[in-house]
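1. Predicted coordinates and the sequence they were generated for:
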Amino acid sequence: MKSIEIVITNPTGLHTRPGASFVKEAKRFQSEILVKKGDKIANGKSLMKLLQVGISYQDKISISAEGPDEEAALSALSTFISSLED
Amino acid sequence: MKLAAKIVADNLFVTQHVATDWQDAVQVGCALLEEQGYITADYYQGILNSVAEHGPYFVILPGIAMPHARPEAGAIKTGCSLVILKEPVVFGHEDHDPVSILFTMAAKNTEELNEGILVEIMTLLDDDHLIEQLKHARDGEQVRDLLS
């Protein structure tokens, strides 16, 4: 399993639209994806669970991936998060 | 007050609505909010603009939509309305059409959206049994029972 920590730089945080895109991206990979903020943890492939965490601008989250393509998954997902602008 | 209780207390719901299309369904959801001072008359157009630009991304689960616009589009207070359709309508979402339940949301700012109302609605919806029952709710009495 691999993890990465990332700070949300998107001013509108991880609301519905980027959340849905994040999940779509995560589903491209075989690995299990988890998103954590503080003590809240969610399945990164479930929009419903992800939106229950409540991720805003300047929050620090950790994304972890476990599986055959975990490195590629983490790389893709952290790029996705850091390039969010809206 | 918890979200579900608020919807019931402020009469922010309608059941068995016959909608001509998705715009009509969204308009009804907005009318409920506008009447109770949650949004201005411009907010509905804000939702239409959002769909025109980004597509119906807020159809987040099979049969369920959460129409909303940015706070600046005319949100006054944070809250949502519930519209249950008699017959589902198509929004044009690739996976989750057709829709029969709409939670039209308004949030005063992004924090109240991301960490407030969105979390509350998703928590409420994280219950397959409730969703099934809501879809088939025939009248206000049933909705009150389900959400109380």
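-> Here it is on my side, so go on.

2. Pass me the low-pLDDT residue ranges in chain B, would you?
-> Within chain B, the segments meeting pLDDT under 70 span B:1.

3. Tell me how far the closest residue to B:Y43 other than its chain neighbours lies from B:Q45.
-> Once flanking residues are discounted, B:Y43 sits nearest to B:G74: 3.6 Å by CB to CB, 6 or more residues apart in numbering or on different chains. All C-beta spots, glycine's among them, are computed from the backbone N, C-alpha and C. Counting by CB to CB, to the nearest Å, the gap from B:G74 to B:Q45 is 8 Å.

4. which of these two has more neighbours?
-> Higher neighbour count among B:G74 and B:Q45: B:G74, with 21 against 14, using other CB atoms under 10 Å in any protein chain shown.

5. For chain A, what lies in contact range of chain B?
-> A:11-17, A:20, A:47-49, A:51-57 (CB under 8 Å from any CB of the partner chain).

6. got a list of what residue 22 touches?
-> No chain was given, so I picked chain A. Shown in contact with A:F22 (CB atoms under 8 Å, 6 or more residues apart in numbering or on different chains): A:L14, A:G44, A:L50, A:L77, A:F80, A:I81.

7. right idea, wrong chain: chain B
-> B:W22 neighbours (CB under 8 Å, 6+ apart): B:P56, B:A65, B:V89, B:V90, B:F91, B:G92, B:V99.

8. for the residue nearest to A:K27 when sequence neighbours are not counted, what are its contacts?
-> The shortest distance from A:K27 to any non-neighbouring residue, by CB to CB, 6+ apart, is to A:K45 (5.3 Å). Neighbour list for A:K45: A:V23, A:A26, A:K27, A:I33 [criterion: CB under 8 Å, 6+ apart].
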